[in-house]
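*Asks:* Sequence first, predicted coordinates after that:
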Amino acid sequence: MKYTFKTFSCGAGDCIFFVIKDEDHTISIMVDCGQYKPEIGDFIENELGGKIDYLIATHIDNDHIDGLVTMLRQNKEISIKHILYNCYQRITGNFCDWSEQMKENVKNIYCELPVVVDMINQNINEKKAVTLAECILENESWAKVWQREYITDESSPIILDHNMGKIVFLSPSNDALDKLDVKYRKLFWQNLYKQKIEDFKKEETIYEALMRIAELNEMEETEEYISSKEINRTTLKRYAEEPLLKMSENNVASIAFVWEYQNHKVLFMGDADPSQVATAIRKNYPNEEKPILFDLIKVSHHGSAHSTSKELIKVADSEMYFFTGGSGKAPSLQTLGRIITTDLPDDVQYREIRYNKPNKLLKKLVELSDEEKDMLNFKIKKSENSYEVSC
């Protein structure tokens, strides 16, 4: 058996495929999509045969689900066996109809959502905005496979078919989802001008729309541009010591999980909170020596300054770190500093950093001499977006 971890460059966001194969079977897992580009569609069609076993949207954030919206709008025949997406799932079953005023207010909310761009044909969708929840609910086969229970750190592991391992969930906590619920009720009042008392038909669409708009308007933190900094051990250590700032509620509610099979483990962080993930790893693997050495770690939140803590690296480390998406400020000097300057575990000679979207800091790391990289015990590779392991 072997697995392939593959990322696609899709703007600032993530798009990850995890494909497990043996001689007779294939299981494909797709995690998020920031922008749906032609090469992603080609991969699904040609390599996966138009079939996705698990579609996981880690959280409501435009740079993680915009591309999924486009994908599902354009490819209504894609076969999906399971959809994991924490949207509004606190529904009682007693649904109220939308009033005419409510329909008008929802229409105004949709006008604030990002325009869905058809990356294949390079034009703008006739319908200016649409939610992922709406795409799923409008397709009977997809609606049936959308898991209606929230995914949390207390969810039971998913045992994959054909003895191909299991998925263990580390995030979010129930508390994180409760905080999102409070946020939603406030946004509901502010935008629909009524208290959130009843449950409404297709309320998932309202929930997602309000959360995405709020995310556009929220500034999580101000990170420092470091293009003028000299990159050396002293600089990396100094930034590694900076305290982590508070993450947005949307990101704290991100799904994070481990795929494991025998002695192989892969950590998918989404945009999850490092403290939550560190706690969950200790809880789920109490008897394993720390840090647990993962085959690879997909770094949280594109490597922003608050997304990876020294506490997390003490319980979860790897020779292979993947940074996906990002911006001029992410990956950050803080997160890279914590990863690079943490003492290596026994039997690990270096850490390898891979990324699919360059910024000035990454360019500086690439430009360091081989001797400087060796002294810091790391390697760095750009645009090597696929990693294959035989189990």
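*Replies:* Good, I have the coordinates.
*Asks:* how many other residues sit next to the residue nearest to Phe17 when sequence neighbours are not counted?
*Replies:* Leaving aside its chain neighbours, Phe17 sits nearest to Lys6 (4.6 Å; criterion: CB to CB, 6 or more residues apart in numbering). Just so you know, the C-beta spots here come from the backbone N, C-alpha and C atoms, and that holds for glycine as well. For Lys6, the neighbour count with other CB atoms under 10 Å is 15.
*Asks:* Quick check: beta-bridge partners of Lys6?
*Replies:* Taking DSSP bridges as the rule, Lys6 bridges to Phe17, Ser386.
*Asks:* Isn't it up against Cys15?
*Replies:* No - look at Lys6 against Cys15 with CB atoms under 8 Å: they stay out of range, at 9.1 Å.
*Asks:* Now do the shared contacts for those two.
*Replies:* Shared contacts of Lys6 and Cys15 (CB atoms under 8 Å, 6 or more residues apart in numbering): none.
*Asks:* Now the closest residue to Ala143 other than its chain neighbours: which helix or strand?
*Replies:* Spatial nearest neighbour of Ala143, chain neighbours left out: Leu137 (5.2 Å); criterion: CB to CB, 6+ apart. Under the criterion of DSSP states H and E, Leu137 resides in helix 132-138.
*Asks:* So Ser307: helix, strand or coil?
*Replies:* Judged by DSSP: H, G, I helix; E, B strand; the rest coil, the three-state class of Ser307 is coil.
*Asks:* how far away is it from Asp273?
*Replies:* Relative to Asp273, Ser307 is positioned 8 Å away (CB to CB, to the nearest Å).
*Asks:* Between those two, which is the more surrounded one?
*Replies:* Higher neighbour count among Ser307 and Asp273: Asp273, with 29 against 25, using other CB under 10 Å.
*Asks:* Got phi/psi on the more buried one?
*Replies:* phi -70, psi 130 (degrees, to the nearest 10).
*Asks:* For burial, what's the neighbour tally of the residue nearest to it when sequence neighbours are not counted?
*Replies:* Of all residues not flanking Asp273 in the chain, Val252 sits nearest, at 4.7 Å (CB to CB, 6+ apart). By the criterion of other CB under 10 Å, Val252 has 22 neighbours.
*Asks:* Can you give me the separation between Val252 and Val31?
*Replies:* Val252 sits at a distance of 18 Å from Val31 (criterion: CB to CB).
*Asks:* Met164: how many residues sit nearby?
*Replies:* 19.
*Asks:* Not including adjacent chain positions, what is the nearest residue to it?
*Replies:* Per CB to CB, 6+ apart, closest to Met164 is Ile20, 4.7 Å.
*Asks:* just checking, what packs against whichever strand or helix holds the one you found?
*Replies:* In the assignment (DSSP H and E), Ile20 maps to strand 16-21. Helices and strands touching strand 16-21, by 3 or more CB pairs under 8 Å, 6 or more residues apart in numbering; DSSP states H and E, are strand 2-7, strand 26-31, strand 264-268.
*Asks:* got the contact list for the helix or strand that the second one is followed by?
*Replies:* To tie it back to what came earlier, the one meant is strand 26-31. From strand 26-31 onward toward the C-terminus, using DSSP H and E, the following helix or strand is helix 38-42. Outside helix 38-42, the residues that touch it by CB under 8 Å, 6+ apart are Phe8, Cys10, Cys15, Cys33, Gly67, Met71, Gln74, Asn75, Met119, Ile120.
*Asks:* In a markdown table, list the residues you listed along with pLDDT.
*Replies:* Below are the contacts of helix 38-42 laid out as a markdown table (pLDDT from 0 to 100):
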| residue | pLDDT |
| --- | --- |
| Phe8 | 95 |
| Cys10 | 90 |
| Cys15 | 97 |
| Cys33 | 97 |
| Gly67 | 95 |
| Met71 | 96 |
| Gln74 | 92 |
| Asn75 | 94 |
| Met119 | 35 |
| Ile120 | 36 |
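*Asks:* and which of the residues you listed is nearest to Gln349?
*Replies:* Phe8 (29.5 Å; CB to CB).
*Asks:* where along this structure do the helices fall?
*Replies:* For the chain, applying DSSP state H gives helices covering 38-42, 62-74, 100-110, 132-138, 140-145, 174-192, 203-217, 233-240, 249-252, 274-284, 310-315, 333-341, 360-367, 370-375.
*Asks:* how about those in a markdown table, adding distance to Arg351?
*Replies:* Shown next, in a markdown table, are those (distance: least, CB to CB, whole Å):
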| stretch | distance to Arg351 |
| --- | --- |
| helix 38-42 | 28 |
| helix 62-74 | 25 |
| helix 100-110 | 44 |
| helix 132-138 | 34 |
| helix 140-145 | 38 |
| helix 174-192 | 29 |
| helix 203-217 | 31 |
| helix 233-240 | 12 |
| helix 249-252 | 24 |
| helix 274-284 | 17 |
| helix 310-315 | 10 |
| helix 333-341 | 6 |
| helix 360-367 | 12 |
| helix 370-375 | 11 |
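*Asks:* Deepest in the core, which of those helices is it.
*Replies:* helix 333-341 (a mean of 25; mean count of other CB atoms under 10 Å).
*Asks:* avg pLDDT for that one?
*Replies:* Averaging pLDDT along helix 333-341 gives 96.
*Asks:* which outside residues touch that helix?
*Replies:* Under CB under 8 Å, 6+ apart, the answer for helix 333-341 is 223-224, 226, 229, 233, 235-240, 242, 299, 303-310, 313, 321, 351, 353, 361, 365, 376-378.
*Asks:* and stretch 294-311, how far out from the chain's middle?
*Replies:* Mean C-alpha position of stretch 294-311 versus that of the full chain (CA atoms, centre = their mean, to the nearest Å) differs by 11 Å.
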